[in-house]
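> compute the structure for the input listed below.
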Amino acid sequence: MTPDFLASKNGQMIAIIMSEDALEVRKLAQDIIKQKIYDQEILDAAANRVATTQVFSYDHMHDALAWLAKAVASSENSRYYTAIKQAALESPSKKVRKHAKKSLKKIPVSQENQFMPQA
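Purely as a prediction, here's the structure:
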């Protein structure tokens, strides 16, 4: 695969992560887990979305973002501990908080090289 293809594929995935299409977001999160898609650019976008979303366009988005939290945690990358912890503590969605809290158990605790969510 060429770098251009990977860049465009990442761009497509990030566009889905940032979209308001809850079904597509959830499907992508499930694919990230199943296919072990642990590209940092994609995981950064997913972690940022989970940690910073304060308004949910409709009920299905709660489920989709809970799946995104699980997807980020499935990487077991300590880089995302702070972002997922932020979602576990601060998300306005009870479902996102619950799944983010559970997901924290999969991520090693570390203070080094942490991804910092940006609103």
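> check which helix or strand covers the residue most central in space within the chain.
Among the residues of the chain, the one closest to the centroid is Ala46, at 2.9 Å (Cα atoms, centre = their mean). Using DSSP states H and E, Ala46 maps to helix 40-52.
> residue ranges with poor pLDDT in the protein?
Counting by pLDDT under 70, the ranges of the chain that qualify are 1-7.
> show me the helices in it, by range?
With DSSP state H as the criterion, the chain has helices at 3-18, 22-35, 40-52, 60-74, 81-90, 94-103.
> who's in contact with the residue nearest to Arg79 when sequence neighbours are not counted?
Once flanking residues are discounted, Arg79 sits nearest to Phe115: 5.0 Å by Cβ to Cβ, 6 or more residues apart in numbering. For every residue, glycine as well, the C-beta is placed using N, CA and C. Phe115 makes contact with Leu43, Asp44, Ala47, Asn48, Arg79, Tyr80, Thr82, Ala83, according to Cβ atoms under 8 Å, 6 or more residues apart in numbering.
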